[in-house]
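In: quick one: sequence and predicted model below, then my questions.
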Amino acid sequence: MRSKFKVFPFVVVLLLSLVFAPTSEAVLSSTVGPVDPVNGFPAWYMDNGVPGVRGPLALAQCLDTNGNCIVLGVNPGAIVFPGNFPDEWFYYIAETGPFGTANVFYRTALEAAFAGPLGAVVAGDQSVFTRRRVRADSIAGGTYTATDFYGIISIPGVPAATIRGLKFTVDFGIGIAGNFVLATTGPVGPFVTSTGGFLTDPLTGNIYLSNPGLLVTVTGGPVSNNFTLTGPDGTFTSTSFTLAGKLTSMSVTPTVMKFPPVTPQRAGIDSAPQAVTIQALADLQIPALVTSGPNLTEFRIDAATNTCPVAPAILAATTACTFNVIFNGGAAGPADRAASIVIAPTTASAAPATVVLTGQIDAIAPTMVSHFPNVQQAPNNVVMEAVFSEPMLASSITSTTFTVAADGVAVPGTVTFNEASKTLTFDPTTDPTVGALVTVTTTTFITDIAGNGVVPITNWTFTAQLPDTIKPQILSMSPANQATGVRTDAPFTVRFDEPMRADTITNSTFIVTTNGVAVPGTVTFNATNNTATFTPASPLAFGTAYTITISAGVADIAANTLAASNIVTFLTNFRPAAAVLQAPANGATGVARPAVLRWDPATDQDAGDTITYHLFLCNNPAFVGTGANCRVNETITPTLAKANGVYYASVASGSMLFSLFGLGWAFGFKGRKKILLILAVLVMSGLFIASCSSKSDDSPPPPTQLTFQADGLSGGVAYYWRIEANDSNGGFSATETQVFTTAP
């Protein structure tokens, strides 16, 4: 919801008049969970309980895609930060509406979003805030009073005769990145819960406040368990709400452990230990910890470092315990090993947590896949190269483990290793004599990162010839200079006319910039086709100019550099502007079936892009379900909207016939009587047109609008819908989500 960063007319800003139930402490605990290193948000938030009813309740990140969490702005598939991550999601949300003749809507939430100017998913912009929002149509205007779970809200100055004229929102912590405690200072809390109890997922054992697709009654509000809006238009009350949140009674960090953290390890040796911390958010009884999974014997819990009590002993609330995990994989079997540790407290309402363990064993010796020179004769000033089958341990590559001799006499030189291209380079400080037989040798002391030595020992020879002094040239670059509509996720390539020194093709010589700022990415070189590739670390920005510079420092294998730098500029693909929903109107009721959906089409600045539309239409705001009542990401083929041609033609022709007949009849009279009759006919014609035109509640749509007929909808059901536009070139945009209710 980008609207949270906008200022609306008639929005009542913050504390005009807020009255809360008396409390002796903050409604949410100021202690928040540790920041998740993967997505940058706190692992959990906790309230201070409901006196005399329950103790503190902690809610974890609700990012599950099983329908029990509400996540916005993601594509189907796994949620991955930042590529497919919601721009808005909720630790806690309770809402109701639109209901009543005033289309009243109410929401209270502990919400996660991004504080940047566009709300885009950007690392470092993470923010969490509490929200209370009230919206309604205003007929009479004036002062309204809302009573929710947490207090009484007075909303003065609401304009009369306006659709959604009442717009009240109060947020704490919005737009402030990184200050995750600020949200706990707002008036939201404690968390309300369903009177029907919690929902347990039978597949995972995870526990949720409720299914957000269902309306439930709630309990735990310090002021009320209902929502009421009272004003000049009457009193409107809702006793049921959609509710979402994921419970946790403990915080486990980390939940994923990789052994080793960066690179594979050799078989048969212990890894460095990695620690797991369990923080109790309530009193916990934890059974003995054990590993499970296909390679459970290769991961062990170090008993000497385990401080976690075993049930029936209790890990008291607000305390923590730790244990270490060590990995030792055998040589036999696949490279990737896996196991897990399930931490399942026996305490009621305590959801289990799983620590996923992965290990990687490298028992395969590296090989040399190519070398240069690979001919019998080569220039004596050539730079020698060897390309290996996998990443190598750079410290194992020295002038001792890689040797060069001319007619049996050692050739001095500098040995370097390019990790990206896995290429070893030897640059002689003294060129071999012309006619000498040069012998190059690799030894098994050159190892991969895991410590496996290269096999077999390899020698190759060539006869030194006169030096090479011809400069290399660029054959082609992609994208081409002045290209437009370039995909934001495309790599960039440069092809040379001869073998090049991989160690000279790096981020310092293959540079991508925008507005003078370097774009982070990885540079590799393929010696087989003499092609360098730059792969951006993340997708580029849409509709933005970029520059590629290949500097003159790039050299061939004889150390000849380019004659000059080569520069290419290009423009990335523009994201299509979002479509705009037109009908049914947001909050409309009594919508006829089949429902005809209508919207202004998305627009795209890129010539040649073909926009396709994807429909999200469901009987719940989480868009979870199947069949006609829940269409998720369905590719549709809309048609151009048509004016009600017959209807409007009949209005015009009917009034015209009426006028002609009346005028003809009136002209049969004489004098003043004729003038009076002519005026009467014209007035009656105008009234006829006005009455006919006002009969329809929909003016004829512009011919540029698009429509789609949604068949198979049920009667008397509220449907949530939005339209996403995809330009087939990596860009997409989405409308806001609106709701309408079908006729019974």
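Out: Cool, the structure landed.

In: in this structure, which ranges drop under the pLDDT threshold?
Out: Low-confidence segments of the chain (pLDDT under 70): 1-26, 348-351, 642-703.

In: now the terminal residues of stretch 732-743, how far apart.
Out: 33 Å (CA to CA, to the nearest Å).

In: could you do stretch 194-210 as well?
Out: Stretch 194-210 stretches 7 Å from its first residue to its last (CA to CA).

In: quick one, what contacts Val596?
Out: Residues near Val596 by CB atoms under 8 Å, 6 or more residues apart in numbering: Ala583, Thr707, Phe708, Gln709, Ala710. Using the backbone N, CA and C atoms, a C-beta is placed for each residue, glycine as well.

In: 6 Å instead?
Out: By CB atoms under 6 Å, 6 or more residues apart in numbering, the contact set of Val596 is Thr707, Gln709.

In: Gly100 too?
Out: Counting by CB under 6 Å, 6+ apart, Gly100 makes contact with Phe236.

In: swap in Ala555?
Out: Contacts of Ala555 (CB under 6 Å, 6+ apart): Arg501, Thr504, Thr561.

In: is it true that the first one touches Val383?
Out: Yes - in this structure, Arg501 sits in contact with Val383. The criterion is CB atoms under 6 Å, and the distance is 5.5 Å.

In: mind listing what's buried in the helix or strand encompassing Thr524?
Out: Per DSSP states H and E, Thr524 falls inside strand 521-526. Within strand 521-526, the residues scored as buried using 16 or more other CB atoms under 10 Å are Gly521, Val523, Thr524, Phe525.

In: tell me where the stretch 151-300 of the chain has strands.
Out: Ranges of strands in the stretch 151-300 of the chain, per DSSP state E, counting those that start in this stretch, are 151-158, 162-172, 193-194, 199-200, 207-208, 218-219, 227-231, 234-238, 242-248, 250-253, 256-259, 274-280, 291-292, 299-302.

In: closest one to Leu182 among those?
Out: Among the strands of the stretch 151-300 of the chain, the nearest to Leu182 by CB to CB is strand 162-172 (6.3 Å).

In: the closest one vs strand 151-158, what angle?
Out: 140 degrees (axes from the mean of the first three to the mean of the last three CA atoms, to 10 degrees).

In: list the buried ones in strand 162-172?
Out: Buried residues in strand 162-172, counted by 16+ other CB under 10 Å: Thr162, Arg164, Gly165, Leu166, Lys167, Phe168, Thr169, Val170, Asp171, Phe172.

In: likewise for stretch 78-94?
Out: Those would be Ile79, Phe81, Phe85, Pro86, Asp87, Glu88, Trp89, Phe90, Tyr91, Tyr92, Ile93, Ala94, for stretch 78-94 by 16+ other CB under 10 Å.

In: one step back: reformat the strands of the stretch 151-300 of the chain as JSON lines; add distance to Ile470.
Out: Below are these laid out as JSON lines (distance: least, CB to CB, whole Å):
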{"stretch": "strand 151-158", "distance to Ile470": "79"}
{"stretch": "strand 162-172", "distance to Ile470": "66"}
{"stretch": "strand 193-194", "distance to Ile470": "78"}
{"stretch": "strand 199-200", "distance to Ile470": "73"}
{"stretch": "strand 207-208", "distance to Ile470": "69"}
{"stretch": "strand 218-219", "distance to Ile470": "80"}
{"stretch": "strand 227-231", "distance to Ile470": "80"}
{"stretch": "strand 234-238", "distance to Ile470": "81"}
{"stretch": "strand 242-248", "distance to Ile470": "65"}
{"stretch": "strand 250-253", "distance to Ile470": "59"}
{"stretch": "strand 256-259", "distance to Ile470": "48"}
{"stretch": "strand 274-280", "distance to Ile470": "54"}
{"stretch": "strand 291-292", "distance to Ile470": "62"}
{"stretch": "strand 299-302", "distance to Ile470": "57"}
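
In: returning to that earlier point: now the strand holding Thr524 - C-alpha only, CSV.
Out: C-alpha atoms of strand 521-526 as CSV (Å, rounded to 0.1, in the frame of the first residue of the first chain):
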residue,chain,number,x,y,z
GLY,A,521,28.6,-7.1,-9.8
THR,A,522,30.8,-10.0,-10.8
VAL,A,523,33.2,-10.1,-13.8
THR,A,524,34.2,-13.4,-15.4
PHE,A,525,36.2,-14.3,-18.4
ASN,A,526,35.6,-17.3,-20.7
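
In: for that strand, packing partners?
Out: Helices and strands touching strand 521-526, as assessed by 3 or more CB pairs under 6 Å, 6 or more residues apart in numbering; DSSP states H and E, comprise strand 531-536.

In: off-centre distance for the helix or strand following the strand it packs on?
Out: Downstream of strand 531-536, the next assigned helix or strand under DSSP H and E is strand 545-550. A distance of 27 Å separates the centroid of the chain from that of strand 545-550, by CA atoms, centre = their mean, to the nearest Å.

In: how about residues contacting the next helix or strand along the chain from strand 545-550?
Out: Per DSSP H and E, the first helix or strand lying C-terminal to strand 545-550 is strand 566-572. Contacts with strand 566-572, where a contact means CB under 6 Å, 6+ apart, come from 474, 477, 479, 481, 483-484, 486, 488, 540, 542, 544-550.

In: buried subset of those residues, written for ChimeraX?
Out: Buried residues among the contacts of strand 566-572 (16+ other CB under 10 Å), as a ChimeraX selection:
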select :477,479,484,486,488,540,542,546,548,549,550
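
In: so which of the contacts of Ala555 wins on neighbours?
Out: Ranked by neighbour count (other CB atoms under 10 Å), the contacts of Ala555 have Arg501 at the top, with 25 neighbours.

In: now do the helices in the chain.
Out: For the chain, the helices defined by DSSP state H cover 645-666, 671-695.

In: show me which residues of stretch 40-55 are buried.
Out: Gly40, Phe41, Pro42, Ala43, Trp44, Tyr45, Met46, Asp47, Asn48, Gly49, Val50.

In: any idea how many residues pack against Leu203?
Out: Other residues lying near Leu203 total 7 when counted by other CB under 10 Å.

In: any idea how far the nearest residue to Asp497 once chain neighbours are set aside lies from Arg495?
Out: Once flanking residues are discounted, Asp497 sits nearest to Gln473: 4.7 Å by CB to CB, 6 or more residues apart in numbering. From Gln473 across to Arg495, the span is 10 Å (CB to CB, to the nearest Å).

In: which one's more surrounded, these two?
Out: The residue with more neighbours, out of Gln473 and Arg495, is Arg495; 15 against 12, by other CB under 10 Å.

In: mind listing the residues bridging to that one?
Out: Ser476, Thr531 (DSSP bridges).

In: from Ser478, how far out is it?
Out: Applying CB to CB to Arg495 and Ser478 gives a distance of 8 Å.

In: ok, now Thr484?
Out: 14 Å.

In: mind listing what Ala275 touches?
Out: Listed by CB under 6 Å, 6+ apart, the contact set of Ala275 reads Thr322, Asn324.

In: and with 8 Å instead?
Out: Contacts for Ala275 (CB under 8 Å, 6+ apart) come out as Thr305, Thr322, Phe323, Asn324, Val325.

In: ok, Ala734 next?
Out: Gly73, Ala578, Arg722, Ile723, Glu724, Ala725.

In: one more time with 7 Å, if that's ok
Out: Gly73, Ala578, Arg722, Glu724 (CB atoms under 7 Å, 6 or more residues apart in numbering).

In: how many neighbours does the second one have?
Out: The one in question is Ala578. The burial count for Ala578: 20, using other CB under 10 Å.

In: contacting residues around it?
Out: If you count contacts by CB under 7 Å, 6+ apart, Ala578 has them with Ala602, Ala725, Ser733, Ala734, Thr735.

In: equivalent analysis for the first one, please.
Out: Taking CB under 7 Å, 6+ apart as the criterion, Gly73 is in contact with Pro86, Asp87, Glu88, Ala734.

In: now swap in Ala177 and tell me
Out: Going by CB under 7 Å, 6+ apart, Ala177 touches Ala115, Gly124, Asp125, Gln126, Ser127.

In: show me the two of those that sit farthest apart.
Out: The largest separation in the contacts of Ala177, counting by CB to CB, is between Gly124 and Ser127 at 10.3 Å.
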